[in-house]
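[1] below are the sequence and a predicted model for it; my questions follow.
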Amino acid sequence: MRHIQLLSLLTLLVLNFYACAPDTGPDEMPDARLLCETREGEMGIPESEVYTIIDDQKIKIANISACDSIPREQYVDYDIPDSALAAVGGWYAGAGDYLYIVREADQLAYYQGWQDEMQEDEGFHYTRIGTYQSGGFELQLPPKREELVGTYTASKETGSHILFIGMHGDTLIGEHFEMDGILPPLNQLNVLMTGMAPRDSVTLNLVDQSFRFSSKMGDGMFKRSNGGIEVSLNLKDGQQINLQKALSKDYSLPAE
């Protein structure tokens, strides 16, 4: 009888230990927040640095333009999941950038998306830019300027555009061409351009490390898409064009 009582006591102790033991699942992950620090840059363009706050760590994760906290009741308006822990973003000059944090299994995942008034598809194009797990943070490196170099095209029967992006030292240079009708095959672009003068040949001034830029021909933004890299361009004359990167090199030697 004494052995039965002792076994019962040990069983109760074991059950009580597991009932009181701390949960080691996802709920034990630290709280995470997003913080915007915004200032007015050159030419009055807002410049925002986005940080994540995890316990006593403050980690920069993005450079965007306008940035404000997005309340939970507005998540649905920005295709942000209800389970997101925090979200920020903002709209400026016809385009918006948005970021949020969500728990995925045993890690925190950070997503960044964009939307602009010139896009021909729907949605916010969210991609994962970083993760936090077991006290370590991994963030995708920002794109290098060399990645932006290339030939961008927009071909339509009503009129086509070509934008050559090149490098002069550390400076991005753009040459913009216009022509009537649709463009010829890509391997004939260099022949076509020899007999044409660019409408614009300008320096592109990137906003911090972001994809946005200003120039004498107009403002614009480079962005990643499923097909590679695109550029949205708002010309000074009011035209708004969206060009897809067609070649990873330029056929032109942009003017200095």
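    Nice, thanks for sending it over.

[2] ranges for the helices of the chain?
    Ranges of helices in the chain, per DSSP state H, are 2-20, 145-148, 189-194.

[3] tell me where the stretch 1-150 of the chain has strands.
    Assigned by DSSP state E, counting those that start in this stretch, the stretch 1-150 of the chain shows strands spanning 32-40, 46-54, 57-64, 68-69, 86-92, 95-104, 107-116, 127-133, 136-139, 150-154.

[4] Throw the ones you listed into a markdown table and include mean pLDDT, thanks.
    Listed next are the strands of the stretch 1-150 of the chain as a markdown table, based on pLDDT from 0 to 100:
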| stretch | mean pLDDT |
| --- | --- |
| strand 32-40 | 92 |
| strand 46-54 | 91 |
| strand 57-64 | 87 |
| strand 68-69 | 96 |
| strand 86-92 | 95 |
| strand 95-104 | 94 |
| strand 107-116 | 90 |
| strand 127-133 | 88 |
| strand 136-139 | 83 |
| strand 150-154 | 91 |
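
[5] can I get these in JSON lines with distance to residue 232 and mean neighbour count?
    C-betas here are computed from N, CA, C, even on glycine. Putting the strands of the stretch 1-150 of the chain into JSON lines (distance: least, Cβ to Cβ, whole Å; neighbours: other Cβ atoms under 10 Å) gives the following:
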{"stretch": "strand 32-40", "distance to residue 232": "22", "mean neighbour count": "15"}
{"stretch": "strand 46-54", "distance to residue 232": "17", "mean neighbour count": "19"}
{"stretch": "strand 57-64", "distance to residue 232": "15", "mean neighbour count": "18"}
{"stretch": "strand 68-69", "distance to residue 232": "22", "mean neighbour count": "13"}
{"stretch": "strand 86-92", "distance to residue 232": "13", "mean neighbour count": "20"}
{"stretch": "strand 95-104", "distance to residue 232": "7", "mean neighbour count": "21"}
{"stretch": "strand 107-116", "distance to residue 232": "6", "mean neighbour count": "20"}
{"stretch": "strand 127-133", "distance to residue 232": "17", "mean neighbour count": "16"}
{"stretch": "strand 136-139", "distance to residue 232": "25", "mean neighbour count": "12"}
{"stretch": "strand 150-154", "distance to residue 232": "10", "mean neighbour count": "21"}
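
[6] to residue 235, which of the ones you listed lies closest?
    Residue 235 sits nearest to strand 150-154 of all the strands of the stretch 1-150 of the chain, at 12.0 Å, using Cβ to Cβ.

[7] counting contacts, what elements does the closest one pack onto?
    strand 160-168, strand 228-235, strand 240-247 (3 or more Cβ pairs under 8 Å, 6 or more residues apart in numbering; DSSP states H and E).

[8] count of neighbours near the closest residue to residue 36 other than its chain neighbours?
    In this structure, residue 36 finds its nearest non-sequential neighbour in residue 67, 3.6 Å apart by Cβ to Cβ, 6 or more residues apart in numbering. Residue 67 is flanked by 25 other residues according to other Cβ atoms under 10 Å.

[9] cool, the one 4 residues further on as well?
    Taking other Cβ under 10 Å as the neighbour definition, residue 71 ends up with a count of 8.

[10] if I look at it, how far off is residue 85?
    From residue 71 across to residue 85, the span is 13 Å (Cβ to Cβ, to the nearest Å).

[11] picking that back up, just put the helices and strands packed on strand 150-154 in JSON lines and tack on distance to residue 98 and mean pLDDT.
    Listed next are the helices and strands packed on strand 150-154 as JSON lines, based on distance: least, Cβ to Cβ, whole Å; pLDDT from 0 to 100:
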{"stretch": "strand 160-168", "distance to residue 98": "26", "mean pLDDT": "90"}
{"stretch": "strand 228-235", "distance to residue 98": "16", "mean pLDDT": "85"}
{"stretch": "strand 240-247", "distance to residue 98": "19", "mean pLDDT": "88"}
